[in-house]
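Chemist: predicted model and sequence follow; I will ask about them next.
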Amino acid sequence: MADGAGQMATDAMVAKSSVSPPHILAMARKAIRDPLVAFMAAGVALFGGYYAIEQAQKPPVVFTPQVEQAMVGEYETLVGRPATAADKARIKRDYLAEELLFREAIDRNMHLTDGETRKRLVDKVRYLIAGAPPEPSEEQLVNHYADNLAQYRAEPRTSFTQIYLAQKPADAALLLTQLNAGETIAGDDFWLGRSFPRYGDSMVRGIFGQPFVATLKAAPEGRWFGPVRSPRGWHFVRKSESIASAMIPFPAIRDQVRQDYMIAHSNAAIDKALSGLKEKYDVEE
């Protein structure tokens, strides 16, 4: 009986071994034809490819001998002595910390969301594209001045005196009559005083507001008028001089022309580069 049982077990194992491979192949074929399995396989492949690309785009943080040499040399120049082992260890630690924090900032998209970071990066790229403008010749400066005369006109200016009152006076007509009769009235303290010699329109606008400027320009010279309201209070005003807009001579504004020329030179380089960048990136206008 024992021999019979052993033979049956052996036959079963042989039968199993002879049937299993075709059975497994059939299951594999069925699995391949299953849409769910195919979808999962595609997902795994896509994730694996993305992970590989992601890792390739993130090179390891390495404190190379070249970096160490440069940083140690800079440190020794700064402190005026050879770097000790502790100095070198601290230099390495600081470098790695800064590199890791920088990569974390990029990973958090701070270059996309932080306004100050964006501005610094934009300014840096502007400089990399435009570079340092060449020093212009005198002829180039004169030509830039002549081509942009409207930028080099002095704005209208006015000289006037004002008496400030924090509250609108109840006896405004009487005070105005007294002022035009040559009398003096007290008024309240004003942080810029009473006299404003040859103030440009933009300066007056910044202090008193545009309605004050319009009233001042329309008023006759030599007589008190008001009170004129401003965001700061009420003012009796006497205009003494009006100076019309006029061209500023080139020698008097040469430094400004030079700065404007160099800015225009850089902007032209940026504008030229932007046309290529619009093709590189998807821009919807």
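Modeler: Yep, it's here.
Chemist: which residue is nearest the middle of the chain?
Modeler: Geometric centre of the chain, nearest residue: Lys119, 2.0 Å, by C-alpha atoms, centre = their mean.
Chemist: that's a helix at that one, yeah?
Modeler: Yes: assessed with DSSP: H, G, I helix; E, B strand; the rest coil, Lys119 lies in a helix.
Chemist: I'd like the numbering to begin with 28 instead of 1 from here.
Modeler: All right, first residue 28 from here; so that's Lys146.
Chemist: and it, how far from Val240?
Modeler: 33 Å (C-beta to C-beta, to the nearest Å). C-beta coordinates here come from the backbone N, C-alpha and C atoms, glycine included.
Chemist: can you list contacts of the lengthiest strand in the chain?
Modeler: In terms of residue count, the longest strand belonging to the chain (DSSP state E) is strand 260-270. Applying C-beta atoms under 8 Å, 6 or more residues apart in numbering, the contact partners of strand 260-270 are 183-196, 202-203, 206, 212, 214-215, 225, 235, 239, 242-244, 246-256.
Chemist: any of the residues you listed buried? List them.
Modeler: 183-192, 196, 202-203, 206, 214, 235, 239, 242-243, 246, 251-255 (16 or more other C-beta atoms under 10 Å).
Chemist: per-residue confidence for Leu304?
Modeler: pLDDT, Leu304: 81.
Chemist: and the next helix or strand past the longest strand of the chain?
Modeler: strand 273-274 (DSSP states H and E).
Chemist: and for that following strand, what are the contacting residues?
Modeler: So strand 273-274 is contacted by Leu176, Tyr179, Arg180, Ala181 (C-beta under 8 Å, 6+ apart).
Chemist: what's the distance between it and the middle of its chain?
Modeler: Offset of strand 273-274 from its chain centre (C-alpha atoms, centre = their mean, to the nearest Å): 35 Å.
Chemist: please apply the same query to stretch 211-223.
Modeler: With C-alpha atoms, centre = their mean, you get 42 Å for stretch 211-223.
Chemist: residues near Gly233, how many?
Modeler: 12 (other C-beta atoms under 10 Å).
Chemist: so what's it up against?
Modeler: Gly233 touches nothing, counting by C-beta under 8 Å, 6+ apart.
Chemist: what helix or strand is it on?
Modeler: Going by DSSP H and E, Gly233 is in helix 228-235.
Chemist: can you pull out the helices in this protein?
Modeler: 29-60, 62-83, 92-106, 112-134, 137-140, 142-157, 165-174, 199-207, 228-235, 237-245, 277-307 (DSSP state H).
Chemist: distance check, the closest residue to Trp251 other than its chain neighbours against Gly303.
Modeler: The shortest distance from Trp251 to any non-neighbouring residue, by C-beta to C-beta, 6 or more residues apart in numbering, is to Leu206 (4.1 Å). Counting by C-beta to C-beta, the gap from Leu206 to Gly303 is 66 Å.
Chemist: try Val284
Modeler: Val284 is 30 Å from Gly303, by C-beta to C-beta.
Chemist: please say which of these two ends up with more neighbours.
Modeler: Under the criterion of other C-beta under 10 Å, the comparison of Val284 against Gly303 puts Val284 first, with 22 against 8.
Chemist: list the residues that contact the more buried one.
Modeler: Here Val284 is in contact with Leu168, His171, Tyr172, Tyr179, Phe277 (C-beta under 8 Å, 6+ apart).
Chemist: I'd guessed the second one sits against Tyr288; true?
Modeler: Yes: A contact is recorded between His171 and Tyr288 when judged using C-beta atoms under 8 Å, the distance being 4.5 Å.
Chemist: I'd like to know how many residues surround Val99.
Modeler: 16.
Chemist: name the nearest residue to it, sequence neighbours excluded.
Modeler: Leaving out its chain neighbours, the residue that sits closest to Val99 by C-beta to C-beta, 6+ apart is Ala110, at 5.0 Å.
Chemist: give me the phi and psi for the one you found.
Modeler: Dihedral angles of Ala110 (phi, psi; degrees, to the nearest 10) stand at phi -80, psi 130.
Chemist: ok, back up a step: now, the buried ones among the contacts of strand 260-270 that are in strands?
Modeler: Per DSSP E, the buried ones among the contacts of strand 260-270 map to strands at 184-192, 251-255.
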